[in-house]
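Trainee: sequence plus the predicted model coming up.
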Protein chains: 2
Amino acid sequence: METERLLTPGEVALMFRVDPKTVTRWASAGRIGSIRTPGGHRRFRESEVSALLADLTIPASQSTA
Amino acid sequence: METERLLTPGEVALMFRVDPKTVTRWASAGRIGSIRTPGGHRRFRESEVSALLADLTIPASQSTA
DNA sequence: GAACAATCGGGTAATTAGGGAG
DNA sequence: GCTGTCCTAATTACCCGATTGT
């Protein structure tokens, strides 16, 4: 089995440079998949977060011509 | 975990001494790389911004010779 | 059981996005 | 062509006290 690395809201917040509450809001809005602990805290799949971050990343168009 | 430092439009605007709107236009024009949050807000790589800022900073030719 | 940091939930200000006219 | 300002709507950030995780 492959051990999927899980990230906390704080970790994801650091990656996107947003508030942990914002990450929670994304999960509530269904913009990102989340896993809840028995206590109600959210965890996020590292692969999904990385993919989302990469997908939303727009490189600069080099126009040094 | 290696986390790339990201900057908000407002922070970049302060660095360049321009309006945040102008920074947004640079991103739209592809003149600077950008990362969008799932909510649509932009974030910028600190390293890229610094490099661009340094590139625009033309040091007065040292005429010490 | 106790302590600490982080996350939970809800509510309110600040920032940002997008279009338009100067 | 580029930038700063005005507008409205959406998103995000910080406030609180209570619960969860380590």
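Mentor: Looks like it came in fine.
Trainee: is DNA strand D contacted by stretch A:56-65?
Mentor: No: figure legend: stretch A:56-65 not in contact with DNA strand D (Cβ under 7 Å from any atom of the strand); closest approach 9.8 Å. Just so you know, the C-beta spots here come from the backbone N, C-alpha and C atoms, and that holds for glycine as well.
Trainee: show residues contacting that stretch.
Mentor: Where contact means Cβ atoms under 8 Å, 6 or more residues apart in numbering or on different chains, the residues beyond stretch A:56-65 that reach it are B:27, B:30, B:31, B:32, B:33, B:34, B:35, B:36, B:37, B:38, B:48.
Trainee: try 7 Å this time
Mentor: By Cβ atoms under 7 Å, 6 or more residues apart in numbering or on different chains, the residues outside stretch A:56-65 that reach it are B:30, B:31, B:32, B:33, B:34, B:35, B:36, B:48.
Trainee: nearest residue to the residue positioned nearest the centre of chain A in space, please, no chain neighbours.
Mentor: In chain A, the residue lying closest to the centroid (Cα atoms, centre = their mean) is residue A:49, at 3.6 Å. Ranked by Cβ to Cβ, 6 or more residues apart in numbering or on different chains and with sequence neighbours excluded, the top spatial neighbour of residue A:49 is residue A:12, at 5.5 Å.
Trainee: okay, buried residues for the helix or strand harbouring the one you found please.
Mentor: Here residue A:12 sits within helix A:9-16, counting by DSSP states H and E. Buried residues in helix A:9-16, defined by neighbour count with 16 or more other Cβ atoms under 10 Å in any protein chain shown: A:9, A:11, A:12, A:13, A:14, A:15, A:16.
Trainee: circling back to that earlier point, OK, contacts around the residue nearest to the centre of chain A?
Mentor: Per Cβ under 7 Å, 6+ apart, neighbours of residue A:49: A:7, A:12, A:15.
Trainee: output stretch A:28-48 in CSV, but only the C-alpha positions, please.
Mentor: Listed next in CSV are the C-alpha coordinates belonging to stretch A:28-48 (Å, rounded to 0.1, in the frame of the first residue of the first chain):
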residue,chain,number,x,y,z
SER,A,28,-16.1,23.5,2.8
ALA,A,29,-16.7,24.9,-0.6
GLY,A,30,-15.7,21.6,-2.2
ARG,A,31,-12.7,23.3,-4.0
ILE,A,32,-10.3,20.8,-2.4
GLY,A,33,-10.8,17.3,-1.1
SER,A,34,-10.5,16.8,2.7
ILE,A,35,-10.4,14.1,5.2
ARG,A,36,-11.8,14.6,8.6
THR,A,37,-10.3,13.2,11.8
PRO,A,38,-12.7,11.6,14.3
GLY,A,39,-12.4,14.9,16.2
GLY,A,40,-13.5,16.9,13.2
HIS,A,41,-10.1,18.4,12.1
ARG,A,42,-9.3,18.4,8.4
ARG,A,43,-6.4,16.8,6.6
PHE,A,44,-5.5,17.2,3.0
ARG,A,45,-3.8,14.8,0.5
GLU,A,46,-0.3,16.1,-0.3
SER,A,47,-0.6,14.8,-3.9
GLU,A,48,-3.9,16.6,-4.5
